[in-house]
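# Need coordinates for the below:
(chains A, B and C)
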Amino acid sequence: MSRRGARLHIDWTACEGRGLCSEMLTEILAIDDWGYPLARDGRPEPAVPRELVAHARRAERLCPRLALRVLPEPPPTRPQGGSQLPPS
Amino acid sequence: MTMLDHRESRDRRTSTDDYRPLPPGAGRLLLAAHPDLATHHRHLGLLPPLAQPARLLAEIDAAGLRGRGGAGFPTARKLAAVAAGRSPVVIANGAEGEPASAKDRTLWAHAPHLILDGLQLAGALVGARRAIGYVPAGPSTASLRRALADREAAGADPIPVEIVEAPDRFLAGEESAVVSRIEGKPALPRDTLRRVVVAGVDGHPTLVQNVETLAHLALLARFGGAWFRGVGTSGDPGTFLATVSGAVAAPGVYEVAYGIPLGDLLERAGGWVGRPQACLVGGYGGAWVPADAADVPVSTAGLRPFGAAPGAGVVVALPAGACGLRAAADITRYLAGQGARQCGPCRNGLPQMAGTLTRLADRERSPALVAELERLTRLVEGRGACHHPDGTVRLVRSTLRTFPAEIDRHLAGTCGQEPMPAAGGAR
Amino acid sequence: MNEALWYTGRGAGLVTLVLLTVVVALGVASRAGRPLPGLPRFATPVLHRNASLLAVVLLGVHVGSLLFDPYAQLRLVDLMLPFAGAYRPLWLGLGTLAFDLVVALVITSLLRSRLGATAWRRIHWAAYAAWPLAVLHGLGTGTDAGTAWLRAVTAVCVLTVAMAGAYRLLLPDPATGPLGPPAPPGNRDPRLTPLTISGPPR
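Predicted coordinates:
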């Protein structure tokens, strides 16, 4: 599992934007205008590189709202979902 | 024109060539709509007993039936996913939170037995223990109650159907919100980690299917996949219920085949009132198609270049006298107000997008507003438990793409256009 | 030997009280929704957790040494069941109650991800009962009760928690306070046009 990395799921209904994860996982998460985690790779479930999986699990445990989950499979190579439209 | 545009216009032509219209005067759902059970059975016959579930599932798959609630997910795949679990629940979703849609209400009123046939069939296919009609209060609930009483007397429902009332909110029909409501909680979307088809109502695998999809299913089971594919396009077979409103002479619900040119659909609704400008297609969280593209087919492939999709079949016509920015700002403000207030990016981002777009519509002469809107759409997209923020982003992006001249006039302070003129006729 | 157990028990008790005070203060402060000055956000919960684990170790030493001290005459049941002891049952019982609560808090916190955030948070409110019980237990029982220095230490503990509470309550909470710009009046459907439903062709 951790050989291929993982992905990070954010339960937006639970997240209150306390900002711990964005500080702990600066490589993966930035912070948005309102304090909520913002995936740097633009995916709904950002990729967690292999070497950061253990660190992401620490962030998962420390999230005060239990809103973070490290999921075993890395995200699909193509950014998924959304209504990403070609620029006109 | 970019290369992208070329490729897409070729797609569009292919799907147009492919289009097989409904014969004039023909219809499926609406012609087979008989509110009383005796007439329903006399015209359509009894629902054939389910002898080989796997074969019917394969037939639905081959027929290419897709969900009619907006997302357009293949129905056979959803059925198969739910059937894989233990003691599933099936739900006929007729909440219709989208204000510009009236098709589900129309079906409840005129074809409750088609919906309920489809619900029983879906229930039998997945081996469900519970079946639920999720329906807004008022005439739709009354119609469902009457239909269920008739069917009970006739023994038409092997799985007893419960009625759960849908609140009058935009998000009441969102799949996981439906599940929450049926569990007795507020109708709010949930986190996507536990998928509804795996663990929905009280942890049971749950099929939430739009009522129009179920009605199509009831006909497909009777007349077969080849019949079903007989109209529409190869990518989007069959018919759909379109709710056409706005600047048309006869707003209402019309059944047409997928692939119908947008202009023809508007003709069905009596044609434009006034000079055409653009159509909002798909719903409030949809996208604009300018009036000069009236030949565009209403299908997934045909609408893709505009960032639109047939969705729940909503078409709102905007006449030349109306300001597209004003209309979009009003809708965006409505969508912002209808959020579930659960997810931070949506709760904060949608009001901010609505506010910025309103400032633009109010002719605040600041070019930074457009850049700010673009930034906000990127900030909000894909960051919520449901697709409410994504739909709003789709509308805002489409507005910026469709009305560049309008935006210039607003930034120059010269747009004197009025909002949508009040159309005649009471509701 | 017995003297050593007695001194260990008293000392460990006092250090436990100080550590529990730190734990409660950090816990209250971490709910304030902003980092403590000079610390990154994740430091507060990490400190809170580590201090509480340390407090549990010291609490174990406190209880264990007094259990084996013949003078204190503690039975095993007195560790779990309050107000049944022979020696100052009320004051000792408060300590037993606090001990039970701390054990429950630690176990539920270790199982937090299984328990779910809501259930865990409800149980965690018991911390606000455990700490005052521990303070009263320290004031009312033992050799050092009533000495000026113990009262001084207790006063500093109470002051610390009070300051943390003020930090939490008096500064507006960015997470639960006003959220961004107020929602515009958008609950009304713009109702672009009134809809009429056309029935099926007759």
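# of all of chain A, which residue lies closest to chain B?
Closest to chain B within chain A is A:Trp12: 3.5 Å, counting by Cβ to the nearest Cβ. In short, each C-beta sits where N, CA and C put it, glycine included.
# So that residue belongs to a strand, correct?
No. Membership of A:Trp12 in a strand is not supported by DSSP: H, G, I helix; E, B strand; the rest coil, which gives coil.
# How much space separates it from chain C?
A:Trp12 is 14 Å from chain C, where distance means Cβ to the nearest Cβ, to the nearest Å.
# How about B:Arg268?
Counting by Cβ to the nearest Cβ - B:Arg268 and chain C are separated by 10 Å.
# who touches the residue lying closest to that residue once chain neighbours are set aside in this structure?
Leaving out its chain neighbours, the residue that sits closest to B:Arg268 by Cβ to Cβ, 6 or more residues apart in numbering or on different chains is B:Tyr254, at 4.8 Å. Counting by Cβ atoms under 8 Å, 6 or more residues apart in numbering or on different chains, B:Tyr254 touches B:Leu241, B:Ala242, B:Val244, B:Leu265, B:Arg268, B:Ala269, C:Ser198.
# Filter those residues down to the buried ones.
B:Leu241, B:Ala242, B:Val244, B:Leu265, B:Arg268, B:Ala269, C:Ser198 (16 or more other Cβ atoms under 10 Å in any protein chain shown).
# so what's the nearest residue to the residue of chain A closest to chain B once chain neighbours are set aside scoring on pLDDT?
Leaving aside its sequence neighbours, A:Trp12 sits nearest to B:Cys343 (Cβ to Cβ, 6+ apart; 3.5 Å). With respect to pLDDT, B:Cys343 scores 95.
# same check, this time on the one 3 residues further on
The model reports B:Cys346 with a pLDDT of 96.
# can you count the residues close to the residue nearest to A:Trp12?
Residues contacting B:Cys343 under the criterion other Cβ atoms under 10 Å in any protein chain shown number 27.
# cool, B:Arg194 as well?
For B:Arg194, the neighbour count with other Cβ under 10 Å is 12.
# Phi and psi next, for it.
B:Arg194 has phi and psi values of phi -100, psi 110 when expressed as degrees, to the nearest 10.
# just B:Arg20 next, same as before
The phi/psi pair for B:Arg20 (degrees, to the nearest 10) reads phi -110, psi 110.
# I'd say it and B:Asp236 touch.
No. Using Cβ atoms under 8 Å, B:Arg20 makes no contact with B:Asp236, being 11.2 Å away.
# thinking again about what came up before, which residues sit in contact with the residue of chain A closest to chain B?
A:Ala67, B:Asp191, B:Gln342, B:Cys343, B:Gly344, B:Pro345, B:Cys346, B:Arg383, B:Gly384, B:Ala385.
# again, but for C:Gly11
So C:Gly11 contacts nothing (Cβ under 8 Å, 6+ apart).
# B:Val253 should be in a strand, yeah?
Yes. Secondary structure of B:Val253 (three-state DSSP): part of a strand.
# any bit of the one helix or strand B:Ala218 maps to sitting next to chain C?
In this structure, B:Ala218 is located in helix B:211-223 according to DSSP states H and E. No. Helix B:211-223 stays clear of chain C (Cβ under 8 Å from any Cβ of the partner chain), getting no nearer than 12.0 Å.
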